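S.K.: just coords:
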């Protein structure tokens, strides 16, 4: 994960780290039937690390002495894009998933081309073509995936349009699939 302070790549970064470890967290059951996170996985660690770079707090507290937090990107859109990168990446490539936050956007790059006959247009329309069905099933068992093959159409695009007043950008080559989430347009 890389955080740039500008709209372009540079050697000067605010954060440059590689996350490694288990994909999902380890949970233990509590006596009341709930589960407690014991060891964070990549998804939880990513969420914790990116948080300060995708939110801002008001400079002054409100009348209840609280600082209001504003999300610069829809949390659900980032979550869906990152989980999709894990679900659908080409695991035969030794390249990491790349998440880059620029001053004006977030880019999520997943290694490998779209599988089978999938295209960006088909992906946007909600067609399914899972590359790694076992990874998808595991993420469903752990509660990270709610439905199959509908996240781009039912989460990323609507959330970006309603909350950020922008459209996400999807790009696919023979080497990668990239999702660009532009920064919220100011009213």
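M.R.: Received it, and whenever you're ready, just let me know what you need. Bear in mind that the values here come from a model prediction, so they are computed numbers and not experimental data.
S.K.: what's near enough to touch the residue nearest the centre of the chain?
M.R.: Nearest to the geometric centre of the chain sits residue 82, at 2.9 Å (C-alpha atoms, centre = their mean). By C-beta atoms under 8 Å, 6 or more residues apart in numbering, the residues touching residue 82 are 43, 46, 97, 99, 108. From N, CA and C alone the C-beta is placed, and that goes for glycine too.
S.K.: How about residue 178?
M.R.: 107-110, 169-172.
S.K.: that's a strand at it, yeah?
M.R.: Yes: counting by DSSP: H, G, I helix; E, B strand; the rest coil, residue 178 falls inside a strand.
S.K.: okay, it: pLDDT?
M.R.: With respect to pLDDT, residue 178 has a value of 97.
S.K.: separation between it and residue 122?
M.R.: 16 Å (C-beta to C-beta, to the nearest Å).
S.K.: quick one, strands of the chain?
M.R.: All strands of the chain, identified by DSSP state E, fall at 2-4, 13-16, 26-29, 35-39, 55-57, 69-71, 98-101, 105-111, 169-172, 176-182.
S.K.: nearest to residue 160, of the ones you listed?
M.R.: Minimum separation from residue 160 across the strands of the chain (C-beta to C-beta) falls at strand 176-182, 6.2 Å.
S.K.: partners of that closest one in the sheet?
M.R.: Next to strand 176-182 in the sheet, as set by DSSP bridges, lie strand 105-111 (antiparallel), strand 169-172 (antiparallel).
S.K.: From the chain's centroid, how far away is it?
M.R.: Counting by C-alpha atoms, centre = their mean, to the nearest Å, strand 176-182 is centred 10 Å from the centre of its parent chain.
S.K.: what does stretch 43-58 give?
M.R.: Per C-alpha atoms, centre = their mean, the centroid offset for stretch 43-58 relative to its chain is 11 Å.
S.K.: Return the most buried member of the strands paired with strand 176-182.
M.R.: Comparing the strands paired with strand 176-182 on average neighbours per residue, with mean count of other C-beta atoms under 10 Å, the densest one is strand 105-111 at a mean of 21.
S.K.: Now it: average pLDDT?
M.R.: For strand 105-111, mean pLDDT is 97.
S.K.: what residues does the lowest-mean-pLDDT helix or strand in the chain touch?
M.R.: Scoring the helices and strands of the chain by mean pLDDT, DSSP states H and E places helix 151 at the bottom, with a mean of 86. Contact with helix 151 is made by 80, 83-84, as judged by C-beta under 8 Å, 6+ apart.
S.K.: residue with max distance from the center of this structure?
M.R.: residue 63 (33.6 Å).
S.K.: Distance of that residue relative to residue 56?
M.R.: 20 Å.
S.K.: got it, and residue 35?
M.R.: Remark: distance between residue 35 and residue 56 (C-beta to C-beta) = 32 Å.
S.K.: cool, residue 124 as well?
M.R.: Relative to residue 56, residue 124 is positioned 30 Å away (C-beta to C-beta).
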